[in-house]
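>>> pasting the sequence and the predicted model now:
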Amino acid sequence: MKTSRAFFEPLAVGAPAPYRTLPVCLERMIHFVPPHIEKVRAKVPELAGKVDVVLGNLEDAIPADQKLAARQGFIEMARSTDFGATGLWTRINSYDSPWMLDDVLEIVPAIGDRLDVIMVPKVNGPWDIHYLDQLLAQLEAKHAIEKPILLHAILETAEGVENVAAIAQASPRMHGMSLGPADLAASRRMKTTRVGGGHPGYRVLADPDGSGGAPRGSYQQDLWHYTLGRMVDACATAGIKPFYGPFGDFQDPDACEAQFQNAFLMGCVGAWSLHPSQIDIAKRVFSPDPDEVAFARRILDAMPDGSGAVMLDGKMQDDATWKQAKVIVDLARQVAEKDPELAATYGF
Ligand code: GLV
Ligand code: MG
């Protein structure tokens, strides 16, 4: 274990000092772009105005013979686009692939000063973060990059879930974590073929009601609840951000919305959008509901110093509900700064 003082030391002479607190950014959706496709790249400037984060994907879903084109396409896209306040991320290839090292060695020197976050797939433990942490510090120093490039781990191996807290706390470079339900399902040998969401076979059957043969109610359960809960606690403890990851059934926006909504209610701040139709779903879900914001504002107004107990509409409020209300109102203010339409619905 590093001492607390050493934890915040730059890992190379000349590298920027690690952040002590994360930059405040709205990241409701991380929109995935395949950068080897020129037609897609051409639409990135327009896309950048519509999403909170644009991510150039280099890993899974990019064919092996297009890996170098994707890397070059990402560099070109980063150079030629003004992203403004929109985040620019990349998902590099996994550590055990032939591409990962050159992803980092080529991208950081070329556009490291524009890159906010590197998403790292298949993180198994804190050692995976330490490796990239050191390498990035050396590259930042060598190329005079002024702000630290952050790391975002995908939680998508059984071993990663075992080590989730240690991963979250591995470095001040940690930005957050996303659930990767497809790889995680494979790693756990779950018997599914889906990218996120529920499964009709995973359900609880109601007790027989004694009426002799009447059909028994049964309810689908959330396959991801346990992992999401562990991830949210690990991230909150470390002061980093949890995200739900991909939802692969583009024909089922309702199920996508339900999965995002569960993640939002459990503490996640955003999700991936893999298809343009998922951008608005994420925006809707990860921006707080105006009625909820209105009620939260009433709680804050009713308890100006955040202590004591009051009744609102028959519901008890105290110091703890004041803190819950503050989470919602703070998020609403952050959303309102970016989105004038939502600002109006929140009454700011
Ligand atoms: C994402 O990378 C996943 O495997 O679900
Ligand atoms: Mg994956």
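Everything's here; your move. Ligands and ions are numbered 1, 2, ... in the order given.

>>> any idea which helix or strand comes after the helix or strand where residue 72 lies?
Element membership of residue 72 [criterion: DSSP states H and E] is helix 67-80. Proceeding N to C from helix 67-80, the next assigned helix or strand is strand 87-91, under DSSP H and E.

>>> mind giving me the packing neighbours of the helix holding residue 72?
helix 38-42, strand 53-57, helix 100-111 (3 or more Cβ pairs under 8 Å, 6 or more residues apart in numbering; DSSP states H and E). For glycine as for every other residue, the C-beta is placed from the backbone atoms N, C-alpha and C.

>>> other residues contacting the first one?
What that stands for is helix 38-42. 33, 34, 35, 73, 76, 77 (Cβ atoms under 8 Å, 6 or more residues apart in numbering).

>>> how many residues are close by the residue of the stretch 51-200 of the chain found nearest ligand 2?
Closest residue of the stretch 51-200 of the chain to ligand 2, Cβ to the ion: residue 183 (3.6 Å). For residue 183, the neighbour count with other Cβ atoms under 10 Å is 20.

>>> for it, what are its contacts?
Counting by Cβ under 8 Å, 6+ apart, residue 183 touches 60, 121, 122, 154, 156, 157.

>>> quick one: secondary structure of residue 257?
Following DSSP: H, G, I helix; E, B strand; the rest coil, residue 257 is assigned to helix.

>>> what separation do you get for it and residue 219?
Per Cβ to Cβ, to the nearest Å, residue 257 is found 18 Å from residue 219.

>>> mind checking which of these two has more residues around it?
Neighbour totals were compared for residue 257 and residue 219, and residue 257 leads with 17 against 8 (other Cβ under 10 Å).

>>> show me the contacts for the closest residue to the more buried one other than its chain neighbours.
What sits nearest to residue 257 in space, not counting adjacent residues and going by Cβ to Cβ, 6 or more residues apart in numbering, is residue 281, at 5.1 Å. Residues near residue 281 by Cβ under 8 Å, 6+ apart: 253, 256, 257, 260, 273.

>>> surely the last one and residue 51 touch.
In other words, residue 273. Yes. Using Cβ atoms under 8 Å, residue 273 is in contact with residue 51, at 7.0 Å.

>>> who touches both of those two?
Residues touching both residue 273 and residue 51 (Cβ under 8 Å, 6+ apart) are 29, 31, 279.

>>> and of these, the nearest to residue 267?
residue 29 (16.7 Å; Cβ to Cβ).
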